[in-house]
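1. structure, please.
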Amino acid sequence: MEVKWFLVAVMSLLSWGIWGVLGRFASQNLSWREVTALAAIGQMAASISFILLLRPELSLGTGHGIAALVAGALGFLGALLFYWALELNPSSIVVVVTSLYPAVTVLLSFLLLGETLELRQLLAMALAVVALVLFSMGD
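-> Numbering: from 1, shown residues only. Predicted coordinates for the structure are as follows:
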């Protein structure tokens, strides 16, 4: 196993884990609208720093460039809805429910991008849905 991709993925996992805790902490005393606005400012500062420091080429005129822009907008929408959900439910439930987004990614990648799906992946997604139902059930 190549180690580099795994270390980068673990850093992403840790970043998102800390992001979820900080979002819940902020939601304890701020409205979801305020949390979303402040988080967006933080994201813009990080994004501008990234662009200025690494100066990536921006291919806006291509379908892939447009897809990247839409992905960014959907990422923001997902965060907005996440903060709203944190205001409505405990993070122990919201984080579990929203962490199942990879199942959506796998399914859409299969349907739209022609990626393959193995039986074990289908089984894992089915178990994830069962977990979602169990976590969502009230006492």
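2. and the contacts of whichever strand or helix holds Val106?
-> If you go by DSSP states H and E, Val106 is part of helix 101-113. For helix 101-113, the surrounding residues in contact (Cβ atoms under 8 Å, 6 or more residues apart in numbering) are Gly78, Glu115, Thr116, Leu117, Gln121, Met125, Ala128, Val129. For every residue, glycine as well, the C-beta is placed using N, CA and C.
3. in those residues, find the pair that's most separated.
-> Using Cβ to Cβ, the contacts of helix 101-113 reach their maximum pairwise distance at Gly78 and Thr116, which is 25.9 Å.
4. so for these two, which sits in the more crowded spot?
-> Gly78 (12 against 7; other Cβ atoms under 10 Å).
5. mind checking pLDDT for the more buried one?
-> The model reports Gly78 with a pLDDT of 93.
6. if I look at it, how far off is Gly23?
-> Gly78 sits 12 Å away from Gly23, going by Cβ to Cβ, to the nearest Å.
7. repeat for Val129
-> Per Cβ to Cβ, Val129 is found 24 Å from Gly23.
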